[in-house]
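Asks: kindly generate the corresponding structure for this input.
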Amino acid sequence: MASSSADSGLNLHTLASRAYHHPLFWFTAVFIFRYLRTVVHLISFWCYQPAPIPRNPKYKSRDCSVILPTVDPKNPEFKECIESCLQNNPKEILIVTVGSENKTLCKAVARHYSWQFDTHITVHTCPIANKRHQVATAIPKAKGKITVLLDDHVIWPGKFLPTAIAPFEDERVGAVGTNKRVRRTDTGFNIRSYWNMLGAIYLERHNFEIRATNTIDGGVFVISGRTSLHRTRILQSEEFLEGFTNERFFFGLCGPLNPDDDNYITRYEVKKGWDIKIQYCEDACIETTLGTYPKFVSQCLRWVRTTWRSNSCSLFTDRTVWYRQPWCVYAVYISSFFNFALFNDFGLAYLLHRSGYGTTAAYWTLGVWIVATKMIKLTPYFLRHPEDLRMLPGYFAFAYFHSLVKLYALFTFWNCHWGGRNLAAINDPKKTDEFGLDSGEGFIVPYSLFGRMHHDYYTQKQRKAY
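Replies: So this is what the prediction gives:
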């Protein structure tokens, strides 16, 4: 009897061992890990409900202070941004810029609009071109109960503020993010239109993710810094301001950070127990611009470096997400470390081939599934711009290329350069090459990794950049 039980146990162990080593097992495991979240997110996306706008709200537009950091007030989008903000009738707009010339330009803009609107507009200066420090300059001066952080190339719809502040009726909500859309500045079948489309799709995918995950467990990977709303008392705490302007990473060896500002704010609010709400609807949809080639690729590289840094921090340093956002731990944070379309898709095809089930029909089924799941997040965009379907193969090509960008970002995660913005030239106009680009990316290199000479050299460049 005992011998029979032992033999049965041995047989089960042998079968399990064989299954574990069979390519079909790994194909199934990778497939489920990769696509379970897609199926669940598709369901949760359609279960989402925005916060209703109450008839007698606790908070109104006049309770909002808008902080607008800028280093380029000459940009025509800057005036359009301010106009769209003023049409929403906030309590005040605090413009924070760098340098005497920019200050003069911003004051001229403020005077131009001050007599047309009731909103109080003030201009403040920061000694260095650093978004975190610019925002921190204005935060203590904000008088509204709600502080809105606004980028200088974002345009709001006419009913944005009344719609976006509605979630604050729930006193547990500390921050609100919204859906966003890229302005199609270039159309037709050409290279500029192609890069413009890629930027639009990039944010469209983000819209899908934040709406889906926020519905499930209230989590989001980030509240975009293009426009975000926060309870003022959260941002005005000394603890927040100290951490916000002095964030370091990789065991404190690298930093302080200039980018990743929105990720820090999101993590801080989650850590302090505040709920996050995504207000996803047409009246809350902001419009923004993104760079074309090569600026867009530089922006992508910065965003992916941010993902490596911030998601690692959420999982291993803050760790709050493990019990507050358990679904996002799998679907957002852990999945981001393995989300390489180039390797995953071709890896699945290889495992299918090795499994012995790699028939023509099986390959076609897998291929159709991969394309269909990629199209889920893009459907809203192509419904608005069906003419761009002719550039769809180009999108798939970039999606696979982006896996290489992501891999490169992993091995250069310590680079804190603000891709797409030449902040070094603003702080020191002489530090610009013949193309108008920053003459050095401004790496912050850990002493323990690369030695004293490299540390001194790059740290000096970074000080100038900040």
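Asks: residue 406 versus residue 348, what's the distance?
Replies: Going from residue 348 to residue 406 by CB to CB, to the nearest Å gives 18 Å. Glycine gets a C-beta too; all of them are placed from N, C-alpha and C.
Asks: scratch that, residue 72 is what I was asking about
Replies: 29 Å.
Asks: per-residue confidence at residue 115?
Replies: With respect to pLDDT, residue 115 scores 90.
Asks: okay, now it: neighbour count?
Replies: 6 (other CB atoms under 10 Å).
Asks: so who does residue 343 touch?
Replies: Residues near residue 343 by CB atoms under 8 Å, 6 or more residues apart in numbering: residue 403.
Asks: now whatever helix or strand it lives in - C-alpha only, PDB.
Replies: For residue 343, the host element (DSSP states H and E) is helix 341-355. Provided in PDB are the C-alpha atoms of helix 341-355 (Å, rounded to 0.1, in the frame of the first residue of the first chain):
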ATOM      1  CA  ALA A 341       6.700  43.500 -27.600                       C
ATOM      2  CA  LEU A 342       9.600  42.600 -29.900                       C
ATOM      3  CA  PHE A 343      10.800  39.800 -27.600                       C
ATOM      4  CA  ASN A 344       7.400  38.700 -26.300                       C
ATOM      5  CA  ASP A 345       5.700  38.300 -29.700                       C
ATOM      6  CA  PHE A 346       8.500  36.500 -31.400                       C
ATOM      7  CA  GLY A 347       9.200  34.500 -28.200                       C
ATOM      8  CA  LEU A 348       5.600  33.200 -28.300                       C
ATOM      9  CA  ALA A 349       6.000  32.200 -31.900                       C
ATOM     10  CA  TYR A 350       9.200  30.400 -31.100                       C
ATOM     11  CA  LEU A 351       7.600  28.500 -28.200                       C
ATOM     12  CA  LEU A 352       4.700  27.600 -30.300                       C
ATOM     13  CA  HIS A 353       7.100  26.100 -32.900                       C
ATOM     14  CA  ARG A 354       9.000  24.200 -30.200                       C
ATOM     15  CA  SER A 355       5.800  22.800 -28.700                       C
END
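Asks: picking up where we left off before, quick one, which of residue 72 and residue 406 is more surrounded?
Replies: residue 406 (22 against 17).
Asks: and that one, which of the three is it?
Replies: helix (DSSP: H, G, I helix; E, B strand; the rest coil).
Asks: got a pLDDT number for the nearest residue to it once chain neighbours are set aside?
Replies: Take residue 406 and drop its neighbours on the chain: the residue closest to it by CB to CB, 6 or more residues apart in numbering is residue 304, 4.9 Å away. We have a pLDDT of 95 for residue 304.
Asks: so what does the helix or strand hosting residue 304 touch, helix or strand wise?
Replies: Using DSSP H and E, residue 304 maps to helix 295-313. With contacts defined as 3 or more CB pairs under 8 Å, 6 or more residues apart in numbering; DSSP states H and E, helix 295-313 has these neighbours: helix 191-217, helix 261-271, helix 335-338, helix 392-411.
Asks: the residue nearest to residue 406 contacts residue 403, correct?
Replies: No. Between residue 304 and residue 403 there is no contact under CB atoms under 8 Å: 10.1 Å.
Asks: which one's more surrounded, these two?
Replies: Remark: of residue 304 and residue 403, residue 304 carries more neighbours, 21 against 16, as counted by other CB under 10 Å.
Asks: report the contact partners of that one.
Replies: Residue 304 touches 402, 405, 406, 409, counting by CB under 8 Å, 6+ apart.
Asks: report the separation between it and residue 286.
Replies: Distance, residue 304 to residue 286, using CB to CB: 22 Å.
Asks: which residue is the nearest non-sequential neighbour of residue 370?
Replies: In space, residue 370 comes closest to residue 345 once its chain neighbours are excluded; the distance is 5.6 Å by CB to CB, 6+ apart.
Asks: distance of the one you found relative to residue 399?
Replies: On the measure of CB to CB, residue 345 and residue 399 end up 9 Å apart.
Asks: more neighbours, those two?
Replies: Taking residue 345 and residue 399 together and counting by other CB under 10 Å, residue 345 has the greater number of neighbours (20 against 16).
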